[in-house]
Each structure stands twice: as structure tokens, then as C-alpha cells.
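J.: Give me coordinates for this.
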Amino acid sequence: MHRFRSRAEGDGSPTSGRRRAIARARRLGAAVALACGATTAIAAAAACWAAPSRAEEWEQACAAPSVAETEDAALVSEATPVPTSEKGLATTRLDPIVVTATRTRTFLSDAPQTITVLTREDIASREDATIPDVLRQVPGVDVVQNGTLGTVSSVSIRGSDDDQVLTLLDGIQINSGTLGAFDFANLVPEPFERIEVLRGGGGSLYGSEAVAGVVNLITRRPTAPGVATISGAGGNGDTDRETATFSGRQGEVGLAGAATHLGTAGFGPAVPVGEAGTVTKHNDAYDLTTAALQADWAPTDTGRLYAIGHYLRARVGLLNANNFLGVLDPNASQRDDFYFAKVGWEDAPLPGLSYKIDGAYVQDDSRFDDPPDAGNPVETRSSIPNEIAQADAQANYAYGGWSISTVGFQFTRRAANVSSFSSISVPPDTHFDVSRNDYGVYVQEQIHLFEDRLVAIGSFRHDHDTQFGDVTVPAASIAWRFPETATRLRATYAEGFRAPTFNELYFPNFGNPNLGPERSSEWDAGLDQELFTGRLLVSATYFDRRVKDDIVFVLVDPDTFKFLPQNVGRVDATGVETSAAVDVGHGLTLGGTYTYLGLQSAGGASPVLRRPNNRMAAFAMYDTPALVARDDAFRARVDVFFVGDRPDADPATGSFGTNPQYTRVDLALSYRLPWRVADVAFTAFANVSNLFDRSYEEVIGFPARPINALAGLRATF
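T.: Numbers count the residues shown, from 1 in each chain. Okay, here's the model as predicted:
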């Protein structure tokens, strides 16, 4: 993070002017990637058009990543000259590389799909404590948190359900097998190199859950030269946050890691404990510890063996667990343990040919405990361990600088062993132990013609699921760029599906083992435009998605008030995403997004809850070296989020109503001190979430976090 800044600042050498120019381009690239969603061929340093001769570049893109990649691995490290036929466009290519759009390393500006890349610099600029807050700036993405730090945080794309968004960790599926969705609450920024958000169906490459899009979290890789950081911060609510990161490479071996602790005593009121209610306590405390590690070994010039591990442990008090009774809960809590391990080999043994094989294991254990208390005499508890085993094999062949062919196979096994207890149920204990296998095969063809003016991609995937059978989904996308006017037109069509969750299939008295998958089809079309020689970037996308066979709960026995899930729903989502970012100059960047969403539901839940028709986000960032001294650096960033009225249900009454709009402002500051101690650089930083202390609820019955300020010091070695 800080080495990037030092490269941009200049050091008095003859090349410092060029470094400052690259830094400005990268700042604008970061602005576009975050505020504009990085959907454009012009995004991330503007214009980024490819040279006419692409054979060598394509072989590199198709190849296994070089072990010599630096900490700026998400960016092309050197400028690529722009063809003379494209005068008037930017003269450097500092374009982020994405893998989620095509499963191959692709320049962002070559991807016709609508995709956002959040680089490490984007993430660092906000000084955020958690990933959910980082994702709030992405257009088309809704982040909904059930209260304060550590409570369930769900992500939806273009009005989808959260279980219609596939979450990947380094390409491995991590959605819950029981709930279908992934809880982002316990993710912190330190382990990740970048985050890629694909908006629009990804089922033709990734299979189930990729109905509305894909979120891919990519772990930071070892780099040379080595770098390490440690930091500590504290704030109101007895909040504390400590981090450590390191990355280094020695010859053929590299190692990178990160560790974070985040804790708070909470922000809610004290509530009575025990039948007499004479003792009170707070119950929204949160404690999180995470660790991540990646190691690799490059025994050949083209091959790399790597291993990635993640672990997190979290405990959060659930103050509002009894809100359906109209009382606060003094002792309900949730504990989570998450384990992730992946081992893989990637190689490019021949020109144009590359392949990779990998295997991974994921375990996500959640435990809920709610002893009796003064407000609720019922005891409930549950244990929900989920397991995923995944194996992948993929081969790519680049031909003639205009074609990349990809074929791949994926095996996924999901299992869950669920136990629950309720003192008022008969019998009080319930249990089910289930598993299923999925076998997927996918094929993709990428075509670039007319000096990359035309990019066309087609793909399809066939899955055989041992629970519901076979499903095949296709996708196609196309983009045409006009270098003379710095304009790009693009369009995508994609189909997808979502397999039923274990809860929907097998939960005692509520499951339906005869469920089939939900099916979807979506198309979008967009325009990207660069103005004022890349200083202003604008983008607009229209989308239209239909989900049929939507799984909804239907009353099947009025006498016993029994509900069962059935494939009877249909949901149509249409909308527009717009964005703009401008490099004002002198270190100032402005950006903003607006998303309009229209939803119609038939045969299921109506209205669709917690999906606003209007959502806006904006930011202003000032980033400059040498603020008051030659060797210092200063950055200030303000983010504003507006979420419009949205339908919701009151947990106390069960009635539908409107959750009113809210506006939230966040502030991030950092100042690198102008002196070093034993060659260690120090940066003072601060983050204020909900700067004006607005009272609002993202979910009715779960008050959001009030103002939370953190300030600290970071050392970079």
C-alpha cells in the first residue's frame, strides 16, 4: 500500500515526473474501479486500448501468472504504447487484470461483461474495518446488515436474493449449503489483493448460485521486494483493531500473510438478565480474529505450485434476537469458525497453451445459543457445520492473437450436519445429515477482431447434480469500441440456475425433497464514454433479468398452518446503473453512482423485501504527496451513501411496511509522517463510520451502528 504511494510521489530523480503521471492515472483508475464499477473499456487509468499486435500479449494473458509479479499484480506494471491510429486516447495501459469474467487473465477493458475491480489501493483508501463497507460503493450491489459489527451481512446484485449471488474465495465456492448465501460480516480487507464483482449471470462458467452475479475475493500473493506492516487502532464503543501483513520472495519461493483482530464492546443498551431482571448487561459485543497465508514455489520458468489458507473465528452478541417479541435479548450469541485450504498447480508449457489443476476444502461452522432470560423463557440452540470439497481442471489455448479457447471440469461436494434444539418443540431436538455432488463441464471461446475493436465471448456449462439432475446454461457477450471517440458499446446475455439449499430440501417439517433448481435469464446493454482526454469517465447500463421456478414457501395445510417450499415463483428485475468519475487535478478525484431498480414478483413474496428503487453513492478523495514536507503524504476521503425507501416486514407484528430512506457519511484520513525510524515508515490514520451519527435500520428491528470512530498508527517495514 505504502510502497505504491512512494513510487508515485517522486524522489527528485529524472523519472519522478513520469511516476507522478502514472500515480495520477492510477488514482483515476481506482476512482473508476470503485465509483464507476470498472465496467468500461476505458476504465482504470482511462482508455487502456490494446496495441494491434496481440499474439504475444495473449500468450502472456493465457499463461500462468509470473512469479515475478509485484504487489501491483492487479495492474499491468509497464505502460503499453497506444497505436498511432488511436491518438487522443490515453497513452498508457494501467488496466486492471480480471479473472472472474472469463476464468482467464484478461485486461478489464477487454471484458464485455459488467464487472467491478476493487484493487488493494481502492480498499486502502477507505480505511474500512470490514469488506461489507467496501462493497457499498459498487453500483447495482445492495449490502444489508442485521445490526452492528459482526451481525449477518448479506449481498445482493441487481435486486436478487442473497442466495442468488455466488461468492468465491480464490475461485472456490464458499456459499453456505444450508442457507445458500454467504455471510460477509466477518471479512476484513487485509488478506485480499483485490475483489472482483461480476454483475449479471455467471452460471455458464461457475454453475449454481451465479444467477445475479459473482463476488470473487482474491488473496494477496507473495511479492518482491519484501514488505511488512503492523497497525493498531482504537475508538469509541471500546473498539480496537490490530493488523499485521507481510509479503516476500526469495528465489523460487514466496510467502505472504495477514492477520487481523477486531473487537468492540458494542453500542446497544443494557438489558436485564435472569428471571428477576435485577442484573443488566450489554449484548452486542463482537470479537473477530482472522489469519491468511499464501505460499508458492516456482520450480520452472512457467510453472507455479501454490497453497492458500484462511482461518477466522468470530463471536457476536445478538441483542435483537428476540425482537419478534418486542424485547431485547441479553444472552443470545453466535459463534463462527471458518477454515479454507487450497492447493494448486498452474503452468504454460507451450506457447499459447496453459493449464491449471487445484483442489480445496472449506469448513464453515456456525453455532447459535440463546439461553432462557427475563424476556424469553424459551431455550434454543443450534449447530450448523457446512463442508465443501472442490476440484478443478482447466486448459486454455490462445491462437493467432485473436482467439482463446477454454475447457474446464469442476467437481463440488457439499455436506451439512445440522442439529437444533428448542425447549418448546416436540420433540425438542431436530437433526439432519445430508450431502450431494455436482459435476460441471464448461467451454468458452473468446474472439478479438479488427484490432480489438470487436470482442465477442460465448460459453456454456453443463452440470449434473446428484439431487435434481441435469442443467445446461449458455452465455454470450459482445463489445464494440470506437477509438476515434473513446466510446464502447457492449451487451451480454446469460442464463443461470440456483440449486435448492439443504434447508429447503430437508429441514424437518419444512423441507421439500422434490424441489428443482431456480432458473434465470438476463440481458444487459451499456455505453462507456471517455471525455476530456480521460479526465471524465461515464458509464450507463440497462439490465433485465427474469427468475422462474423461484423457490417460495406456500401454505399447504391451513389447519396446521404448514408451509412448504415450492418452485412456483417468478421475479422480474429491470433497472439502470449509471456512474461517473472525474480527475479534477491536483490530487482531487470525484465520483458517483446511481442505481434504479424495478422489481415485480408473481407467485411468491410481494413486495420483494429490502430492495430500494433508488440507491446512490458518491465520494471525494484528495491524495497528495509532500503536503507539508518532502517525504510526507496525505489522503482524505469522504463517502456518501443514500438508500431510498424500501419495503420490509416488522418482526414484532409481521406486517409489511416501508423502511424509510437514509443517508450515511463516512470519513477516512491518512497521513504518512515525514520521518523514518530505522528505515520504518509511519502512517497515522482514522476512519469514521456514520460521521453524523444518523439513526437508521437496514433491516427493521435491527438498529444500525451509530457513529464509530477509529484512529491509529501503522508501521511499514
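
J.: so Thr501 sits right up against Gln164, yeah?
T.: No: Thr501 lies out of contact with Gln164 (CB atoms under 8 Å); the separation is 11.5 Å. Yep, even glycine has a C-beta here, placed from its N, CA and C like the rest.

J.: Quick check: which ranges of the stretch 301-450 of the chain have low pLDDT?
T.: For the stretch 301-450 of the chain, no stretch is flagged by pLDDT under 70.

J.: again, 90 this time
T.: Within the stretch 301-450 of the chain, the segments meeting pLDDT under 90 span 326-327, 373-376, 400-401, 425-427.

J.: now the stretch 1-150 of the chain
T.: 1-98, 106-110, 126-129.

J.: coming back round to it: okay, Thr501 and Gln164: which has more neighbours?
T.: Gln164 (28 against 24; other CB atoms under 10 Å).

J.: give the contact list for the more buried one.
T.: Taking CB atoms under 8 Å, 6 or more residues apart in numbering, we find Gln164 in contact with 156-157, 209, 211-212, 496, 498, 518, 520, 547.

J.: May I have the phi/psi pair for it?
T.: Gln164 adopts backbone torsions of phi -110, psi 20, taken as degrees, to the nearest 10.

J.: Check the gap between it and Trp523 for me.
T.: Applying CB to CB, to the nearest Å, the value for Gln164 to Trp523 is 16 Å.

J.: Between its first and last residues, what's the separation in stretch 129-143?
T.: For stretch 129-143, the first and last residues are 15 Å from each other (CA to CA, to the nearest Å).

J.: what's the offset of it from the middle of its chain?
T.: Stretch 129-143 has its C-alpha centroid displaced from the chain centroid by 8 Å (CA atoms, centre = their mean, to the nearest Å).

J.: ok, now stretch 199-212?
T.: 14 Å.

J.: what's the answer for stretch 447-457, then?
T.: With CA atoms, centre = their mean, you get 28 Å for stretch 447-457.

J.: Now it: buried residues?
T.: 448, 451-452, 455, 457 (16 or more other CB atoms under 10 Å).

J.: can I get the CA coordinates of that stretch in PDB?
T.: C-alpha atoms of stretch 447-457 as PDB (Å, rounded to 0.1, in the frame of the first residue of the first chain):
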ATOM      1  CA  ILE A 447     -12.700 -13.700 -30.100                       C
ATOM      2  CA  HIS A 448     -10.900 -10.400 -30.700                       C
ATOM      3  CA  LEU A 449     -11.100  -8.900 -34.200                       C
ATOM      4  CA  PHE A 450     -10.400  -5.600 -36.100                       C
ATOM      5  CA  GLU A 451      -7.500  -4.600 -33.900                       C
ATOM      6  CA  ASP A 452      -9.600  -5.400 -30.800                       C
ATOM      7  CA  ARG A 453     -12.400  -3.100 -31.800                       C
ATOM      8  CA  LEU A 454     -14.700  -6.200 -31.600                       C
ATOM      9  CA  VAL A 455     -14.700  -8.500 -28.700                       C
ATOM     10  CA  ALA A 456     -17.100 -11.500 -28.600                       C
ATOM     11  CA  ILE A 457     -17.300 -14.300 -26.000                       C
END
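
J.: Quick one: list the elements packing against the helix or strand Ser477 falls within.
T.: In this structure, Ser477 sits in strand 469-482 according to DSSP states H and E. For strand 469-482, the elements it packs on are helix 203-206, strand 454-465, strand 487-498, judged by 3 or more CB pairs under 8 Å, 6 or more residues apart in numbering; DSSP states H and E.

J.: So what touches the shortest one?
T.: It refers to helix 203-206. By CB under 8 Å, 6+ apart, helix 203-206 touches 102-103, 166, 168, 173, 210-211, 214, 442, 444, 459-461, 473-475, 494-497, 520.

J.: Any of these buried? List them.
T.: For those, buried by 16+ other CB under 10 Å: 102-103, 166, 168, 173, 210-211, 214, 442, 444, 459-461, 473, 475, 494-497, 520.

J.: what lines up beside the one helix or strand Ile218 maps to in the sheet?
T.: Taking DSSP H and E as the criterion, Ile218 maps to strand 213-219. When pairing is defined by DSSP bridges, strand 213-219 lines up against strand 165-169 (parallel), strand 192-199 (antiparallel).

J.: Just the buried residues of that strand, please?
T.: Per 16+ other CB under 10 Å, strand 213-219 contains these buried residues: 213-219.

J.: Please compute how far it lies from its chain's middle.
T.: 5 Å.

J.: same question, stretch 436-445
T.: Per CA atoms, centre = their mean, the centroid offset for stretch 436-445 relative to its chain is 23 Å.

J.: Against His310, how distant is the residue nearest to Thr492 when sequence neighbours are not counted?
T.: Closest residue to Thr492 apart from its sequence neighbours, by CB to CB, 6 or more residues apart in numbering: Ser477 at 4.0 Å. Distance of Ser477 to His310, given as CB to CB: 31 Å.

J.: With Thr560 instead?
T.: 44 Å.

J.: What separation do you get for the nearest residue to Phe107 once chain neighbours are set aside and Thr106?
T.: In space, and not counting its chain neighbours, Phe107 is closest to Asp95: 4.6 Å by CB to CB, 6+ apart. Using CB to CB, Asp95 is found at 10 Å from Thr106.

J.: Give me the helices and strands touching the helix or strand encompassing Ala617, please.
T.: According to DSSP H and E, Ala617 maps onto strand 614-625. Packing partners of strand 614-625 (3+ CB pairs under 8 Å, 6+ apart): helix 2-9, helix 16-31, strand 588-602, strand 633-643.

J.: Give the pairing partners of the third one; include direction for each.
T.: When pairs are called by DSSP bridges, strand 588-602 turns out to pair with strand 562-585 (antiparallel), strand 614-625 (antiparallel).

J.: The last one now?
T.: Taking DSSP bridges as the criterion, strand 633-643 forms sheet pairs with strand 614-625 (antiparallel), strand 662-677 (antiparallel).

J.: can you give me the offset of the first one from its chain's centre?
T.: Looking back up the chat, that one is strand 614-625. Strand 614-625 sits 19 Å away from the centroid of its parent chain (CA atoms, centre = their mean).

J.: Report the rounded mean pLDDT for it.
T.: Mean pLDDT, computed over strand 614-625, is 96.

J.: Okay, buried residues for it please.
T.: Buried residues in strand 614-625, counted by 16+ other CB under 10 Å: 615-619, 621, 623, 625.

J.: For the most centrally placed residue in the chain, give its distance to Val141.
T.: Centroid-nearest residue in the chain, with CA atoms, centre = their mean: Val215, separated by 4.3 Å. From Val215 over to Val141 the distance is 9 Å, taken as CB to CB.

J.: unless I'm mixing things up, Thr289 is touching Asp336, no?
T.: No: look at Thr289 against Asp336 with CB under 8 Å: they stay out of range, at 11.1 Å.

J.: Please identify every residue contacting each of the two.
T.: Taking CB under 8 Å, 6+ apart as the criterion, Thr289 and Asp336 both touch 312-314.

J.: Narrow the residues you listed to those in strands?
T.: If you go by DSSP state E, the shared contacts of Thr289 and Asp336 have 312-314 in strands.

J.: Now do the shared contacts for Val215 and Val141.
T.: With CB under 8 Å, 6+ apart as the test, Val215 and Val141 both reach 135, 155, 197.
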